[in-house]
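In: Predicted model, plus sequence, below.
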There are 2 protein chains.
Amino acid sequence: MEKVRTEISELGEFKLIERLVEDIVLINDSSILGSGDDAAIINANGKTQVVTTDILVEGIHFDLTYTPLKHLGYKAVAVNLSDVYAMNAHPKQILISLAVSNRFSVEALDELYEGVKLACKKYQVDLIGGDTTASQKGLIINVVAIGEQDEEKIVRRSGAREGDYLCVSGDVGGAYIGLQLLEREKRIFLENPHAGIDLSGHEYVVGRQLKPKPRRDIIDFFAQNDIIPTSMIDISDGLSSEILHLCKQSQLGCQLEEAEVPIAEDTKLQAINFHMDPITCALSGGEDYELLFTISEKDIQRTKQNLNISIIGRMMDENTGIRLHTKGDNYHDIISLGWDGLKDSE
Amino acid sequence: MEKVRTEISELGEFKLIERLVEDIVLINDSSILGSGDDAAIINANGKTQVVTTDILVEGIHFDLTYTPLKHLGYKAVAVNLSDVYAMNAHPKQILISLAVSNRFSVEALDELYEGVKLACKKYQVDLIGGDTTASQKGLIINVVAIGEQDEEKIVRRSGAREGDYLCVSGDVGGAYIGLQLLEREKRIFLENPHAGIDLSGHEYVVGRQLKPKPRRDIIDFFAQNDIIPTSMIDISDGLSSEILHLCKQSQLGCQLEEAEVPIAEDTKLQAINFHMDPITCALSGGEDYELLFTISEKDIQRTKQNLNISIIGRMMDENTGIRLHTKGDNYHDIISLGWDGLKDSE
């Protein structure tokens, strides 16, 4: 009998994880929620904790040609805090594991840690531990973030209801355009090392890629205004991919209004320079680390007062499907074209 | 001015971590203890949690030539649980991050997860989350383990007092000898792929390397007998290295009795076959995942009743130094010859 070999890229990240954890039954009382959301939930003596972890691999998730180590350290922390905020929780602690090849000096790690500590200071989290070891190739960073919130205020991906408003913070698509610019400048540099790198005028989109801002301000706004979103996720793999997650886990359909999707002017301009449709960048580009959430009718007026929040659609019955209502009044099914760390695997 | 470049291998793991975290001040009330012990400590509404993380890199920490993936999954969990037990705490949850190259199939990851789940079942912990992504080369596994204990029962490395008895569970040196055997069989196999691998008669030491047993039984024994060690650490890098950690963090010296160090018969025999001194294997070989701890005078009689615990020395004044009292009645300073994941870096 021939042994079956299924390539990981055939499944992709989400189906692979589903397969690996499908038979897991939680046995400890303190384990409230396992895999499948932005973070796991633990009951710690009545107080509820959320825990999340992310592994970043050189050559897959970051390119040190154009990512300063300080920015990388900052971003590695920021993306994990974003997962904690996506549970409507407050991050308190992080742990960092590093595997580094001998290409890196102690001073290089000092730089990386400068960024880590800067993010810790800014978001008031404590670096409480980790592990540091050698790697055969490149740099690998694993970050764990632990946050707190009252159990009734924790927001999962699965709580949206029909009729809820779909909202997003900030603007989307910028981090993707920033990445395209950095990749272009890298190609120019590799072809001609004497050519200068010119990113002037593109500070906004490059900043979106290199220094994401996890949306603590949105969580604080919810708290100050007694708003609890019905579901929430952070945008790491692209708007369309995250909308599909919310719909799937809430067992709903959705109508997304193209006209309402917030895209920064710089993003639009640069997308057009790249001969791309800005809405495609917004839907499929990842790493914006904005929050995507649903708000019930009763909270929508108060939510509208925050100018950093856009209402981009409505949650519908599952049978309606998950669709984009275009500016030209057409309807398209939303499919996931977002970034998949495993499908992109070489 | 020339830019300074310090090689990571000049510092080694412990000094590097010390340098990276030296200026960290914990700011959140819930952060009780940061880097520097087997696990960090978090206060969660009165209940105390410990959190630990370990990153394992193919080619550095494991060799898939002779490590079945199922064993690897089991061991990756086991070594983290060992860190939780070393705090005298009970592990409850784990999270796993994987980075895998396309060399690995879905079926290979199924096998790895079989081992993970087996360890979870055996030690009653829940796998609550993680991350899975691509790597450019090889397999990287990061495990986070979270455990619980009443704050007054948590045991740190720093609590030993002069006159306390130094104790170790089980026996030491076996995992190192197991590794030597596996490496030898690998060399034979690589020179002549038709030569069979012969590990018969060596099941004990090979098992010590491939399937470590974190000592939950010792923690349970402490609980049943109202014993709280004054300090504790698990043996991952070798007995001498761990003794130095306890002494340094408790600001004490120590006298270790060579005659009392428990070494299994199989370990001794095989060490001699390799022309090695068994005590050297015990002192410098890592990965035994036994517990090394100190017990105060008042608890020592009850501790002696456990036949899986050996009293191997006494804690002394710092000025006495940290020394081995040999069977031949000589004294040697104990220096760390244990495994350092960064000093071994290529």
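Out: Everything's here; your move.
In: Please tell me the pLDDT value assigned to A:Gly338.
Out: We note a pLDDT of 60 for A:Gly338 in this prediction.
In: try the one 4 residues further on
Out: With respect to pLDDT, A:Leu342 has a value of 63.
In: now swap in A:Glu10 and tell me
Out: 85.
In: host element of it?
Out: Assigned by DSSP states H and E, A:Glu10 falls within helix A:8-21.
In: Next SSE downstream of that helix?
Out: strand A:31-33.
In: Can you name every helix or strand that that next one contacts?
Out: strand A:40-44, strand B:126-134 (3 or more C-beta pairs under 8 Å, 6 or more residues apart in numbering or on different chains; DSSP states H and E). All C-beta atoms are positioned from the backbone trio N, CA, C, and that covers glycine.
In: what's the most buried one of these?
Out: strand B:126-134 (a mean of 24; mean count of other C-beta atoms under 10 Å in any protein chain shown).
In: can you give me the angle that one makes with strand A:40-44?
Out: Strand B:126-134 runs at 150 degrees relative to strand A:40-44, counting by axes from the mean of the first three to the mean of the last three C-alpha atoms, to 10 degrees.
In: Parallel or antiparallel, which strands does strand B:126-134 pair with?
Out: Next to strand B:126-134 in the sheet, as set by DSSP bridges, lie strand B:90-100 (parallel).
In: Could you give me the buried positions within the helix holding A:Glu10?
Out: Neighbour-count burial for helix A:8-21 flags A:Ile8, A:Ser9, A:Leu11, A:Gly12, A:Glu13, A:Phe14, A:Leu16, A:Ile17, A:Leu20, A:Val21 (criterion: 16 or more other C-beta atoms under 10 Å in any protein chain shown).
In: Which residue does the stretch 1-150 of chain A have closest to chain B?
Out: A:Ala44 (3.0 Å; C-beta to the nearest C-beta).
In: Now for that residue: which residues touch it?
Out: With contact set as C-beta atoms under 8 Å, 6 or more residues apart in numbering or on different chains, A:Ala44 has these partners: A:Ser30, B:Ala44, B:Asn45, B:Lys47, B:Gln49, B:Glu148.
In: most surrounded residue in those residues?
Out: Using other C-beta atoms under 10 Å in any protein chain shown as the neighbour test, the contacts of A:Ala44 are led by B:Gln49, with 31 neighbours.
In: partners of it in the sheet?
Out: B:Ile42, B:Glu148.
In: Just to check, it is in contact with B:Glu148?
Out: Yes: shown here, B:Gln49 and B:Glu148 form a contact pair, counting by C-beta atoms under 8 Å, at 5.8 Å.
In: Contacts only, for the residue nearest to A:Gly34 when sequence neighbours are not counted.
Out: Spatial nearest neighbour of A:Gly34, excluding adjacent residues (C-beta to C-beta, 6 or more residues apart in numbering or on different chains): B:Ile128 at 4.3 Å. B:Ile128 sits next to A:Leu26, A:Ser31, A:Leu33, A:Gly34, A:Ser35, A:Ala40, A:Ile42, A:Val51, B:Gln93, B:Ile94, B:Leu95 when contact means C-beta under 8 Å, 6+ apart.
In: burial count for the first one?
Out: In terms of burial, A:Leu26 registers 15 neighbours under the definition other C-beta under 10 Å.
In: With A:Leu244 instead?
Out: A:Leu244, neighbours per other C-beta under 10 Å, totals 19.
In: now the one 4 residues further on
Out: Taking other C-beta under 10 Å as the criterion, the count of residues near A:Lys248 is 14.
In: and it, that one's in a strand?
Out: No: residue state for A:Lys248 (DSSP: H, G, I helix; E, B strand; the rest coil) corresponds to helix; a strand is not indicated.
In: State the pLDDT value of it.
Out: At A:Lys248, pLDDT is 94.
In: now the helices for the stretch 151-300 of chain A?
Out: A:174-191, A:203-210, A:216-224, A:239-250, A:265-273, A:278-284, A:300-304 (DSSP state H, counting those that start in this stretch).
In: Would you check how far apart A:Gln305 and A:His202 are?
Out: 32 Å (C-beta to C-beta, to the nearest Å).
In: Just give the closest residue to A:Asp299, not the sequence neighbours.
Out: Closest to A:Asp299 by C-beta to C-beta, 6+ apart is A:Ile227, at 4.8 Å.
In: I figured that neighbour hits A:Gln301, correct?
Out: No: the criterion here is C-beta under 8 Å, and A:Ile227 misses it with A:Gln301 at 10.4 Å.
In: Neighbour count for the two, which is higher?
Out: A:Ile227 (19 against 9).
In: and the gap between the more buried one and A:Ile309?
Out: On the measure of C-beta to C-beta, A:Ile227 and A:Ile309 end up 10 Å apart.
In: any residues in contact with both of those two?
Out: A:Thr303.
In: residues from the stretch 151-300 of chain A in reach of chain B?
Out: By the rule C-beta under 8 Å from any C-beta of the partner chain, no part of the stretch 151-300 of chain A lies against chain B.
In: Any stretches of the stretch 151-300 of chain A with poor pLDDT?
Out: For the stretch 151-300 of chain A, no stretch has pLDDT under 70.
In: check contacts around the closest residue to A:Arg208 other than its chain neighbours.
Out: Nearest residue to A:Arg208, sequence neighbours excluded (C-beta to C-beta, 6+ apart): A:Gly174, at 3.7 Å. When contacts are counted by C-beta under 8 Å, 6+ apart, A:Gly174 touches A:Tyr204, A:Val205, A:Arg208, A:Gln209, A:Ile263, A:Ala264, A:Asp266, A:Thr267, A:Asp288.
In: Kindly report the same for A:Ile27.
Out: B:Gln124, B:Asp126.
In: Can you report phi and psi for it?
Out: phi -110, psi -20 (degrees, to the nearest 10).
In: any idea how far the spatially closest residue to A:Lys47 that is not a sequence neighbour lies from A:Thr133?
Out: Once flanking residues are discounted, A:Lys47 sits nearest to B:Asn45: 3.7 Å by C-beta to C-beta, 6+ apart. B:Asn45 is 33 Å from A:Thr133, where distance means C-beta to C-beta.
In: just A:Lys121 next, same as before
Out: A:Lys121 is 26 Å from A:Thr133, where distance means C-beta to C-beta.
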